Structures are given as C-alpha cells and as structure tokens.
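J.: give me the fold of what follows.
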Amino acid sequence: MAEDRVMRVRGVLDSVRAEGRSALTAPEGKVIADAYGIAVPGEELATDVEEAVAFAARFGGPVVMKIVSPDILHKTDAGGVIVGVEGATDVRAAFHTIIDNARAYDPKARIAGVQVQELLPKGQEVIVGAVTDPTFGKVVAFGLGGVLVEVLKDVTFRLAPVDADEALSMLDSIRSAEILRGVRGQAGVDRWAVAEQIRRVSELVADFPEIAEVDLNPVIATAEGAVAADIRVILAESQPAPRRKYSRDEILTSMRRLMQPGSVAVIGASNEQGKIGNSVMRNLVDGGFAGDIHPVNPKADDILGRKAYKSVTDVPGEVDVAVFAIPAKFVASALEEVGRKKIPNAVLIPSGFAETGEHELQAEIVAIAERYGVRLLGPNIYGYYSTWHDLCATFCTPYDVRGGVALTSQSGGIGMAILGFARTTKTGVSAIVGLGNKSDLDEDDLLTWFGEDPRTECIAMHLEDLKDGRAFVEAARATVPKKPVVVLKAGRTAAGAKAAGSHTGALAGDDALYDDILRQAGVIRAPGLNDMLEYARALPVLPAPKGDNVVIITGAGGSGVLLSDAVTDNGLSLMEIPPDLDEAFRTFIPPFGAAGNPVDITGGEPPSTYEATIRLGLEDPRIHALVLGYWHTIVTPPMVFAELTARVVAEFRERGIEKPVVASLAGDVEVEEACQYLFERGVVAYPYTTEKPVAVLGAKYRWAREAGLLGGGT
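T.: This is a model prediction of the structure:
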C-alpha cells in the first residue's frame with residue numbers, strides 16, 4: 001500500500017516536472033491527497049458548462065466552483081472562486097463568470113476547466129501546511145485558518161515527519177488552543193482528525209524532498225472530522241547541495257584532539273607585541289599549557305624562547321591543533337601544509353572571509369580542509385579556551401577559573417561579554433569557544449563533545465543562525481537528558497517571508513519557527529544575553545526538582561506578590577497549601593502574618609522565624625521547591641539571613657533531601673555580598689530583583705521536564 005501511494009504521487013510529480021511547472025493544479029493535488037489519506041471534499045473537473053451542471057447535481061447541494069489553471073496560483077485574486085452555487089441556472093452562470101474572470105486576469109493562462117467541489121459544513125477554520133526551511137529542512141505548521149492566520153500569526157511548527165502524539169501536541173501549542181476545545185456553547189473539533197491531517201502532510205513532504213510547500217487552507221474542523229477545502233502543492237526549483245556529514249565517533253575523535261591537545265602549532269607566531277601571533281603565544285605559554293607549543297614563522301629562529309619553524313611541515317612529531325594568526329590571503333597555502341602534515345584541527349582567527357563578502361576565499365579553504373580531512377574552527381574568531389587543559393588559544397585576556405559551564409558564541413564581542421561576566425561572577429568554565437563564520441565546526445559538533453565531556457555540566461550557546469538545524473536538534477536531543485543546553489538565538493525578526501508562495505511559507509519566516517523547534521529539541525531558550533549567562537551559571541548549582549509544588553516564603557508582602565507573578569510568568573505552579581501544612585506554618589509566624597502561599601512571615605521577624613519556616617519547607621515532602629523573599633532589616637541582617645539559609649540547606653543536603661532553593665534579596669548594598677555567599681553554597685540568590693531568581697528556577701524546571709525527570713516534556 002505504501003509503495004502504491006508513492007508510485008501514484010511520483011507519477012503526478014514527474015508529469016508536472018515534465019511540463020516545466022512547479023505548482024500542481026487542484027485535481028493533481030487531490031490525487032496526492034487521496035494517496036496519503038489527506039481528507040478533502042468530493043470534487044470533479046468540469047471541462048464544459050454541462051459537465052459542471054451534471055457534477056453539481058451529483059453532489060446534491062450547494063457547491064464551490066474554482067478555476068483550474070497551472071498558471072493561476074491565487075484563484076481568489078483572479079475572481080476564480082464562487083462559493084455556495086446551487087441549481088443548474090446558477091451553476092451555468094458561475095461557470096461562465098469564472099472562465100471570463102480568469103481570462104481577464106491572465107489572457108495567456110492555460111485553463112483546464114472548473115473544479116466543482118462539495119461545499120463543506122461550517123466549522124472552525126485551521127491551516128495545516130509544510131515548508132522547506134533553509135535551516136531545518138521539512139517543517140510542518142498548524143494554526144488558526146482564514147483571515148486569522150494572517151492577522152494573529154497564531155501558528156506552531158515541528159520538524160517533519162511528526163508522529164500522532166506530536167501532531168496532537170501542536171493543537172495545544174497555539175495561543176488560541178481553547179477555541180479548538182469549544183467555547184461559548186460551541187462543540188470542540190475532532191482533535192484526532194485534525195492531528196491526522198498534520199501527520200499525513202508531514203509524512204508526504206518527508207517522503208518527497210522535491211515538494212517545497214504544501215498548504216491546506218482552510219481545513220474545516222468540526223466535531224465530526226477535519227477536511228481540507230483547498231490543497232496547494234509547490235515543487236522546489238532545485239535541491240540544496242548536501243552538507244558533508246561526520247559520524248559521532250569522527251566528531252568526538254577530532255574534538256578530543258581540539259579540546260585536549262598534546263601539541264599546538266601557532267602559524268604566524270611573533271615576538272612583536274601588539275601582533276595577534278604574539279598574544280596567542282603569550283597566552284599559551286603564560287597559561288601553563290603543558291603540551292608542546294610550536295611557533296611557525298619563516299622570518300624568526302625563536303619566539304618567546306622557543307624554536308621557530310619556517311613551515312608547519314618542519315615541526316617534529318604529531319600536532320593536534322594549528323592556530324592561524326596570519327592574514328586571510330595567506331591562509332589557503334598554509335592550510336595546504338597543515339593538511340599535508342595531517343593536523344586534524346585548524347583554528348582560524350583571521351577575519352576577511354565570508355563576513356566581508358569574500359565567499360570564494362572561504363569556499364577555497366573549506367575545500368582544502370575537506371580534501372585533507374582537517375576540521376576548521378572559524379574563521380573570524382577570537383580563538384578558544386579549554387580551561388581544564390590550561391589552554392588559552394586566543395588573542396584576548398586569559399581566563400583560568402575551572403568549572404562546569406561550557407560557553408560558545410558566534411560573535412567575538414559576545415565572547416568577550418561572556419568572559420567579563422564569568423570573571424565578575426566567578427563562574428567556573430570548562431571551555432569558551434568562538435565559532436565565527438562556522439565554515440565547518442559548528443554548534444552540533446560542540447554539543448556532541450560537551451554532551452560527553454565529564455567536566456561540563458551545562459552548555460550555553462549564543463548563535464545568530466544554524467547551518468544545519470536538524471543536526472543541531474539531533475545533538476541537542478542526545479545531550480539534554482544528561483545536562484541542560486541554553487541557547488540565545490539572536491535575530492528575532494526575519495526577512496524574506498514576503499516572497500513566500502503560500503500562507504504557510506509566509507508564516508514560517510517568523511521567529512516562532514526557531515522558537516518552536518528549539519523547544520522541540522529540548523533546549524532552554526534565553527530571552528537575552530544576561531539571561532543566558534545567568535542560566536548557565538545557576539543551573540548547575542540547583543538540584544533537579546522532583547515535583548511541581550513551589551512555595552514562596554517572604555518577609556515582605558510586596559515581594560510576595562511580585563514573586564507570585566514571576567512564578568506564573570515562568571510556567572511554575574504555586575502549591576495549594578493543605579490545612580495541616582498551613583497550620584504548621586502559622587505556628588512560626590505572628591498573628592498579623594499570613595500563611596497560605598506565599599507564606600508572609602512579615603519583615604520584623606528574627607532569624608529564628610526565617611530558619612523555622614525554611615526548615616519546614618525543606619522537611620515536608622509535598623513541597624518541591626522554595627522561593628525565598630528577604631528584605632533587609634536590622635533584626636535579621638543580610639549576612640545573618642544568608643548564613644542561616646546556607647546552613648539549613650547544607651544540613652538537609654547531608655540528610656539526602658535536596659530541593660531547588662532560590663532567593664530574592666532586597667535591601668542596602670550588603671545584600672550583594674549575601675547573594676554571592678548564598679550562590680557559592682548552592683542557593684541561587686539575586687539582589688534587587690524578584691524576576692531573575694524565579695526565571696532561573698523556571699529554566700531548571702523546563703530542563704527537568706525535557707530530561708524526563710518530570711512529566712510534560714516535548
């Protein structure tokens with residue numbers, strides 16, 4: 001059966017190609033729909049007016065009549081659609097009107113006839129479609145149909161193909177999901193029927209890569225089913241060139257030699273201060289790299305006290321990494337030598353390639369690297385840091401605070417912001433890597449490595465684009481169950497959507513596509529640079545939650561309200577405090593305080609009240625996470641609060657009770673020191689903000705769900 005349907009569709013597509021067309025006619029679209037079980041109304045192609053009358057009579061009720069022409073894609077614009085035609089007289093009139101309108105719209109258009117189609121009952125209009133995205137390939141879309149799809153852009157996306165459950169999840173992913181369930185006495189739609197339309201369209205485009213777009217708009221969804229009133233299929237003009245693929249083992253082998261090298265050559269090393277080649281050499285030497293460092297410079301005998309070589313081919317023994325610090329125009333010839341030397345990795349610091357319009361020069365170095373099996377990092381980067389290996393292969397300031405956070409950036413400026421943040425906050429990192437133009441190595445290579453790296457606990461990535469969105473999703477899905485992946489995707493607006501050939505194509509240009517598919521990959525998308533860095537710093541500190549019940553304990557009612565808002569904004573659940581727990585909290589707070597959730601202990605309470613309520617929150621197994629709101633008083637000074645909180649959390653940790661605890665501290669400047677003290681002891685705390693600690697907690701919850709530690713992951 002599957003083979004038969006493929007042959008039927010293949011026959012249609014080959015026929016369309018043979019005629020030099022890219023758009024299928026409605027009857028051709030129906031053949032494809034029938035082959036894949038995509039529900040469409042009964043219809044016939046009338047080549048003359050009497051055929052139209054006969055077909056309309058056969059359907060036995062009002063019909064829709066539409067022009068059929070390979071040259072007229074937008075039938076409504078051409079006056080080629082008339083709805084609700086009934087009776088022989090009206091059918092004849094409609095037939096002639098449609099033909100006349102089409103000829104007036106495009107006198108040269110080839111007209112195959114008029115489609116006579118069953119008029120579908122009234123229902124909820126939705127859109128189901130698929131497009132070929134340059135980053136992610138085949139993507140399926142779902143949203144509200146008709147005019148609403150253009151006005152509200154309430155659409156969600158997934159990688160195609162999707163299974164039945166994932167298709168069904170799309171119905172709940174749009175903002176207007178409640179409409180589909182039924183509102184104001186209206187019946188809800190047949191959700192499985194809608195999901196089946198999504199699944200079958202996704203299967204179609206996955207089976208036939210040459211199909212660029214499919215548009216079912218509208219699909220009329222009722223309580224009894226879902227039928228596509230119109231199907232449009234557009235073929236791609238050409239297929240993209242396949243990207244070279246590397247196996248997981250190949251990636252890990254080359255990345256291991258890049259991140260844990262035994263020997264590094266610096267091409268363009270220099271004794272002259274102010275030169276990039278001098279800065280890279282100094283960082284490698286002064287950073288304490290224990291491996292061999294080989295300067296390469298045809299005009300020097302030694303650099304920084306080390307023997308210099310005229311060519312990298314003269315360097316004795318194996319070399320794991322060649323760092324380039326020479327002008328762009330010399331890179332290709334030097335890369336040939338790196339290839340002949342069988343060096344597996346080239347780190348290209350120079351700019352002057354695709355980012356300045358020199359696409360041919362970049363293509364040349366990529367071709368050389370592929371010929372010799374050399375992996376390229378860059379070009380146009382600041383270099384990279386591998387702290388656990390005492391490696392600073394950059395021309396920027398060194399950084400040597402080892403820890404569990406791996407940070408990557410496509411931009412050099414963002415890379416330096418990362419460096420400054422890490423230093424200011426004392427964030428320990430396993431690596432900082434610049435990606436630049438991503439001529440070869442990119443985010444999926446790094447994810448594959450950091451996912452396996454035992455030193456890395458959290459990965460945070462700034463990116464402006466993805467070269468291969470599917471490879472990234474695959475790498476992310478393999479990594480997320482083990483450790484969080486945080487992504488800052490720059491460029492929330494998109495160009496080019498106006499040129500798309502369908503409703504689905506126009507909508508796919510929106511940032512919502514990246515948003516949905518990054519979520520589908522299980523990564524945490526950070527709204528801004530500081531958020532990305534804070535998530536990366538904080539997520540390894542917090543233990544994973546074991547349930548959804550969040551309790552706020554606060555010394556200030558105003559903070560409690562803001563913290564409650566933040567909990568809701570981040571998709572978290574404020575626990576409904578049961579009577580026995582409410583009574584237990586009340587024993588520790590003054591009569592004018594308030595139990596419930598938030599638990600308001602009031603501001604004038606001594607340290608013992610904070611301690612007793614925090615203990616209760618950690619002790620009760622029904623509570624899964626604590627949000628603490630502190631405000632500065634002389635009764636309980638900031639460091640007193642910090643020390644007691646850290647002590648109680650550590651005590652419960654030793655007893656095997658670990659829950660995420662975050663804190664918001666309001667007060668004078670002393671709260672800054674208190675927050676740092678708490679952070680270093682496993683409590684994520686921030687001064688002067690109620691939003692940030694809860695956002696971090698929300699990110700931890702999102703990761704826990706995606707990792708399968710809680711229910712509700714994608």
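J.: drop to CA atoms for contacts and neighbour counts, all remaining ones
T.: OK.
J.: which stretches in the stretch 201-350 of the chain count as helices?
T.: 248-259, 276-286, 331-340 (DSSP state H, counting those that start in this stretch).
J.: buried set for the shortest one?
T.: Residues V331, A332, A334, L335, E336, E337, V338, G339 are the ones in helix 331-340 that count as buried (16 or more other C-alpha atoms under 10 Å).
J.: let me know the outermost residue of the protein.
T.: T89 (55.7 Å; C-alpha atoms, centre = their mean).
J.: list the contacts for the closest residue to V81 other than its chain neighbours?
T.: Counting by C-alpha to C-alpha, 6 or more residues apart in numbering, V81 lies nearest to K66, which is 4.4 Å off, once chain neighbours are set aside. Taking C-alpha atoms under 8 Å, 6 or more residues apart in numbering as the criterion, K66 is in contact with K75, G80, V81, I82, I98, V114, Q115, V116.
J.: so the residue nearest to the spatial centre of the chain: helix, strand or coil?
T.: Nearest to the geometric centre of the chain sits L518, at 2.0 Å (C-alpha atoms, centre = their mean). Under DSSP: H, G, I helix; E, B strand; the rest coil, the three-state class of L518 is helix.
J.: and if you look at G143?
T.: Recorded secondary structure, G143: strand (three-state DSSP).
J.: residues near the closest residue to it other than its chain neighbours, how many?
T.: In space, and not counting its chain neighbours, G143 is closest to V155: 4.2 Å by C-alpha to C-alpha, 6+ apart. By other C-alpha atoms under 10 Å, the residues close to V155 number 28.
J.: please report how far V155 lies from A226.
T.: Look at V155 and A226: by C-alpha to C-alpha, to the nearest Å, they are 18 Å apart.
J.: ok so the residue nearest to V81 is a strand residue?
T.: Yes - judged by three-state DSSP, K66 forms part of a strand.
J.: coming back round to it: could I get the buried residues of helix 331-340 as a markdown table with distance to I293 and pLDDT?
T.: Formatted as a markdown table, the buried residues of helix 331-340 follow (distance: C-alpha to C-alpha, whole Å; pLDDT from 0 to 100):
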| residue | distance to I293 | pLDDT |
| --- | --- | --- |
| V331 | 20 | 98 |
| A332 | 22 | 98 |
| A334 | 18 | 98 |
| L335 | 18 | 98 |
| E336 | 20 | 98 |
| E337 | 18 | 98 |
| V338 | 15 | 98 |
| G339 | 19 | 98 |
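J.: TSV for those residues, including distance to D444?
T.: Formatted as TSV, the buried residues of helix 331-340 follow (distance: C-alpha to C-alpha, whole Å):
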residue	distance to D444
V331	25
A332	25
A334	27
L335	24
E336	26
E337	27
V338	24
G339	23
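J.: tell me which helix or strand of this structure sits lowest on mean pLDDT?
T.: In the chain, no helix or strand scores lower on mean pLDDT, DSSP states H and E than helix 503-508, which sits at a mean of 49.
J.: list the buried residues for whichever strand or helix holds E196?
T.: Element membership for E196, per DSSP states H and E: helix 191-207. Neighbour counts over helix 191-207 (16+ other C-alpha under 10 Å) mark 191-206 as buried.
J.: show me what that helix is packed up against.
T.: Contact here means 3 or more C-alpha pairs under 8 Å, 6 or more residues apart in numbering; DSSP states H and E; on that basis helix 191-207 packs against strand 124-133, strand 137-144, helix 164-171, strand 211-222, strand 225-228.
J.: which stretches in the stretch 451-600 of the chain count as helices?
T.: Under DSSP H, counting those that start in this stretch, the stretch 451-600 of the chain gives helices at 469-479, 503-508, 512-521, 529-538, 557-569, 579-586.
J.: of the ones you listed, which shows the lowest average pLDDT?
T.: Looking at the helices of the stretch 451-600 of the chain, the lowest mean pLDDT belongs to helix 503-508 (a mean of 49).
J.: so who does I72 touch?
T.: Applying C-alpha under 8 Å, 6+ apart, the residues contacting I72 are A78, D106, A109.
J.: how many neighbours does the first one have?
T.: When neighbours are counted by other C-alpha under 10 Å, A78 registers 19.
J.: with the second one instead?
T.: The local packing count at D106 equals 12, with neighbours defined by other C-alpha under 10 Å.
J.: which residues touch it?
T.: Residues in contact with D106 (C-alpha under 8 Å, 6+ apart) are I72.
J.: find me the pLDDT at G711, would you?
T.: pLDDT, G711: 66.
J.: same question but for G593, I mixed them up
T.: 67.
J.: and the one 3 residues further on, by the same measure?
T.: In this prediction, G596 carries a pLDDT score of 86.
J.: reformat the contacts of I72 as TSV; add distance to A23.
T.: Compiled in TSV, the contacts of I72 are given as follows (distance: C-alpha to C-alpha, whole Å):
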residue	distance to A23
A78	16
D106	16
A109	14
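J.: could the residues you listed be laid out in a markdown table, adding distance to R402, secondary structure and pLDDT?
T.: A markdown table is the format used below for the contacts of I72 (distance: C-alpha to C-alpha, whole Å; DSSP: H, G, I helix; E, B strand; the rest coil; pLDDT from 0 to 100):
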| residue | distance to R402 | secondary structure | pLDDT |
| --- | --- | --- | --- |
| A78 | 66 | coil | 93 |
| D106 | 69 | coil | 94 |
| A109 | 69 | coil | 93 |
